[in-house]
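Peer 1: task: produce atomic coordinates for the following.
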Amino acid sequence: MNRLDGRAALISGAARGIGAETARLMVESGAMVAIADVLDERGRETAAALGDGALYLHLDVAREEDWSAAVAAAVARFGKLDILVNNAGIFLGKGIEEASLAEWQRLSDINLAGVFLGTKLALPALRDSGRASPHGSAIVNLASVAGLVGSQLDPLYSMTKGGVTLFTKSAALEFARKGYRVRVNSIHPGVIQTDMGDQTFVARARNLGTNDVAAARQMALGTHPIGRLGTPTDVAKGIVFLASDDAGFMTGAGRVVDGGITAQ
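Peer 2: Numbers count the residues shown, from 1 in each chain. Have a look, this model is predicted:
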């Protein structure tokens, strides 16, 4: 199940966290993976740990030229590109009144423009690979539960992830209309135990006026009916599924991995 034998994938923001775990599971599932990030040292270490099936590429997702170079390098190494995971993203953790225009622009450059550029510039290679696959090629976009319901902590982050959610659906419909065999789906994590997850605890503590990060973490845990916070593996398993032929009849869909937050 969920095998990716012989597939070639490019994952943005894959030096650590969800991206790195996704790369690991994809390699275990038989894929060749390009790990792309701005964290060069960490990215090289992640790729080296995965062996010959992994390649590290420098990628600033807000730069068109970086995307063009990364896609070209992945295709040169693997001979094709079957899977794109638009994983790179940042969390601001400020309210509307506190956030500056410069902070909003950086947030949107990475969380929104990065997804647009990755989709646009990887599309020719994905379209070519899709023609040769029974279920086509696949794009998986990292959204969030904050792209489904409002965020008290970071309305601007929610704005970007809501954009990713609807962009996913619209891109899926456009590619289907044009006859491209490229499936596009999104995944929506809850609070995950990563560096970004830790940032949400800090933001929550600051907004409560306590600066008690441990208490803020416990409060976040209490919003998860399943009784625990998520792990990178929880999300990575969902990404691998969406990238595989097991999700061959899914496009324009959102897979929620949130421990029950949005069921309430």
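Peer 1: any weak-confidence spans in this protein?
Peer 2: 1, 196-198, 201-209, 216 (pLDDT under 70).
Peer 1: for it, which helix is longest?
Peer 2: helix 155-177 (DSSP state H).
Peer 1: that one: which residues count as buried?
Peer 2: Across helix 155-177, burial judged by 16 or more other Cβ atoms under 10 Å covers 156-165, 167-169, 171-172, 175-176. All C-beta atoms are positioned from the backbone trio N, CA, C, and that covers glycine.
Peer 1: which neighbouring elements make contact with it?
Peer 2: When contacts are defined as 3 or more Cβ pairs under 8 Å, 6 or more residues apart in numbering; DSSP states H and E, helix 155-177 packs onto helix 101-108, helix 114-131, strand 137-142, strand 182-189.
Peer 1: so which of those is nearest residue 47?
Peer 2: Residue 47 sits nearest to helix 114-131 of all these, at 18.6 Å, using Cβ to Cβ.
Peer 1: contacts for that closest one, please.
Peer 2: Contacts with helix 114-131, where a contact means Cβ atoms under 8 Å, 6 or more residues apart in numbering, come from 8, 10, 12, 61-64, 67-68, 71, 74-75, 80-84, 86, 88-89, 136-139, 141, 164, 167, 171, 180-182, 184.
Peer 1: and the helices and strands packed on helix 155-177 as TSV, adding mean neighbour count?
Peer 2: Output for these, formatted as TSV (neighbours: other Cβ atoms under 10 Å):
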stretch	mean neighbour count
helix 101-108	14
helix 114-131	20
strand 137-142	28
strand 182-189	26
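Peer 1: so which of these is nearest residue 34?
Peer 2: Nearest to residue 34 among the helices and strands packed on helix 155-177 is helix 114-131 (10.5 Å), distances taken as Cβ to Cβ.
Peer 1: so the closest one versus strand 182-189, what angle?
Peer 2: Interaxial angle, helix 114-131 versus strand 182-189 (axes from the mean of the first three to the mean of the last three Cα atoms, to 10 degrees): 140 degrees.
Peer 1: report the angle between helix 114-131 and helix 101-108.
Peer 2: Helix 114-131 and helix 101-108 are oriented at 10 degrees to each other (the same axes, to 10 degrees).
Peer 1: before we move on, back to that, out of the helices and strands packed on helix 155-177, which gets nearest to residue 36?
Peer 2: Here helix 114-131 is closest among the helices and strands packed on helix 155-177 (Cβ to Cβ), at 9.1 Å.
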